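In: Got a predicted structure here, sequence first:
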Amino acid sequence: MIYKISQLYDLNETIAKELFEGKDYPWEVLPEIGDFVLKLGMTLPEAEYDHPSDDVWIHKSVKIADTATLTGPLIIDAGTEVRPGAFIRGKVIVGKNCVVGNSTELKNVVLFNTVQVPHYNYVGDSILGTHSHMGAGSITSNVKSDKTLVVVKDNGENIETGLKKFGAMIGDYVEVGCNSVLNPGTVVGRNTNIYPLSSVRGVVPADTIYKAKDNFADKTD
């Protein structure tokens, strides 16, 4: 089963709720993130958000290390920490109480509230649900090696996305193990754990432990 937005995410856990409305699949928002940031940013209250440049809005409670690099379009919501060496390079929405860690790079992504990407992560053209966590060194690979358009596949069900750049759709409460690679077009259902050192592609069922391709364990067993 290829999961739809309502099956992956609690939309009350993001400032970008409106971005997802009227869409079926989460990757449909990827081409619209940058424009949505600009639209939403103009509505944010000046008393709560700093606006250091035309396309950047940062909640006044956010902690940002001096060595972090931030470029817009960008919104960072309340209570988030951006650690040394982080590189946020545009078309990014970071939710409340998130951690963007040392040497982590974000590009064209939405992080829901309480997401952690704390150590050496690359997250590009992806959506991470609330309370999801990427272990040290885990990344989303967002372009196929042959540069063809990404197709989401699951047991004979294929959906052509029309996108050349598409990392991973990670549901709420997903744990990605250290040094794992989520290949282009990966969709991970809610409450799932990915083993460290995994190479993941296609659709991973909700409420499972991913050990290898076609090797899942039900978390309730």
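Out: Looks like it arrived, so ask away. Computed from a predicted structure; not experimentally measured.

In: I'd like to know which helix or strand in the protein has the lowest mean pLDDT.
Out: In the chain, the helix or strand scored least confidently by mean pLDDT, DSSP states H and E is strand 215-218, which has a mean of 65.

In: Quick one: low-confidence residue ranges for this structure.
Out: The model of the chain has pLDDT under 70 over residues 214-217, 219-221.

In: so who does residue 144 touch?
Out: Neighbouring residues of residue 144 by CB atoms under 8 Å, 6 or more residues apart in numbering: 150, 184. Heads up, the C-betas are built off the backbone N, CA and C, glycines and all.

In: Could you look up the SS state of the residue nearest to residue 197 when sequence neighbours are not counted?
Out: Leaving aside its sequence neighbours, residue 197 sits nearest to residue 179 (CB to CB, 6 or more residues apart in numbering; 5.3 Å). Per DSSP: H, G, I helix; E, B strand; the rest coil, the local secondary structure of residue 179 is coil.

In: Surely residue 179 is in contact with residue 137?
Out: Yes - here residue 179 reaches residue 137: they are 4.2 Å apart, a contact under CB atoms under 8 Å.

In: Who has more neighbours out of these two?
Out: residue 137 (17 against 14; other CB atoms under 10 Å).

In: What distance do you get for that one to residue 65?
Out: Going from residue 137 to residue 65 by CB to CB, to the nearest Å gives 20 Å.

In: My understanding was that residue 30 contacts residue 125; is that so?
Out: Yes - using CB under 8 Å, residue 30 is in contact with residue 125, at 5.5 Å.

In: and for the two, which residues touch both?
Out: 108, 163, 165, 166.

In: Could you give the number of residues near the closest residue in space to the last one that isn't next to it in sequence?
Out: To tie it back to what came earlier, the one meant is residue 166. Closest residue to residue 166 apart from its sequence neighbours, by CB to CB, 6+ apart: residue 150 at 4.1 Å. A count of nearby residues for residue 150, using other CB under 10 Å, gives 23.

In: What are the phi and psi values at residue 150?
Out: Backbone geometry at residue 150, expressed as degrees, to the nearest 10, gives phi -80, psi 130.

In: Could you do residue 39 as well?
Out: Phi and psi for residue 39, reported as degrees, to the nearest 10, are phi -70, psi -50.

In: All set now, cheers.
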